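Undergrad: Here is my input; please provide its structure:
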Amino acid sequence: MATSQQSQVTLKEVETIHRLKTGALIIASVKLGLSGSTKHSTEQASALEKFANYLGLAFQIQDDILDIEGTTEILGKKQGADIALNKATYPQAIGLDKAKEKANELAELAQQQLMIFDKSADSLRMLANHIVKRNF
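TA: Below is the predicted model of the structure:
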């Protein structure tokens with residue numbers, strides 16, 4: 001597998017890197033929350049883990065996009081830092097427009113996982129929407 005600071009990486013490699021970073025943290029957060037609850041079914045737990053998986057990847061793709069489109073002041077880090085460091089990113093692998101499409105697709109897939117829940121999951125639905133609309 002290519003390193004995170006290598007210019008020529010495949011989409012699969014970028015996705016793996018992202019899933020092992022932010023994706024793993026979000027999945028761990030969901031699993032931790034589930035471990036303290038007894039009021040969920042196996043189906044609900046599975047749906048939440050899938051939600052977290054999609055959300056983690058969407059978050060990281062949006063982060064890649066913001067490195068290109070954001071400003072240093074809003075980002076809190078130098079705009080273009082990932083490019084300067086030659087980091088493996090979604091826009092680098094598939095282009096900026098396709099990366100935006102993918103982030104939105106993943107946010108939608110994340111929200112679809114919540115269909116088995118009632119309004120109690122509305123805050124998670126809003127979070128998925130916010131992830132791809134954020135500018136920081």
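Undergrad: Low-confidence ranges, this structure, go.
TA: Within the chain, the ranges that satisfy pLDDT under 70 run 1-7.
Undergrad: If we use 90, what do you get?
TA: 1-9, 21-23, 36-39, 71-79, 82-86, 136 (pLDDT under 90).
Undergrad: most residues in a single helix of it, which one?
TA: Secondary structure of the chain per DSSP state H: the longest helix is helix 42-69.
Undergrad: What helices and strands are in contact with that helix?
TA: Counting contacts by 3 or more CB pairs under 8 Å, 6 or more residues apart in numbering; DSSP states H and E, helix 42-69 packs against helix 11-18, helix 24-35, helix 81-84, helix 90-94, helix 96-112, helix 122-133. The way it works is simple: take the backbone N, C-alpha and C, and place the C-beta from them, glycine included.
Undergrad: just those: most buried one?
TA: Greatest average neighbour count among the helices and strands packed on helix 42-69 goes to helix 90-94 (a mean of 20), per mean count of other CB atoms under 10 Å.
Undergrad: which other residues reach that helix?
TA: For helix 90-94, contacts defined as CB atoms under 8 Å, 6 or more residues apart in numbering pick out 7, 9-11, 14, 18, 60-61, 64-65, 68, 83, 99, 102-103.
Undergrad: Swap in 6 Å and give it another go.
TA: With contact meaning CB atoms under 6 Å, 6 or more residues apart in numbering, helix 90-94 is reached by L11, V14, I61, D64, I68, A99.
Undergrad: Identify the farthest-apart pair in those.
TA: The span of these, defined through CB to CB, is set by L11 and I68 at 17.0 Å.
Undergrad: For the longest helix of the chain, which residues meet the burial criterion?
TA: Within helix 42-69, the residues scored as buried using 16 or more other CB atoms under 10 Å are 44, 47-48, 50-67.
Undergrad: between that helix and helix 96-112, what angle do the directions make?
TA: Using axes from the mean of the first three to the mean of the last three CA atoms, to 10 degrees, the interaxial angle of helix 42-69 with respect to helix 96-112 works out to 160 degrees.
Undergrad: Now do helix 42-69 and helix 24-35, the angle between them.
TA: Relative orientation of helix 42-69 and helix 24-35, computed by the same axes, to 10 degrees: 150 degrees.
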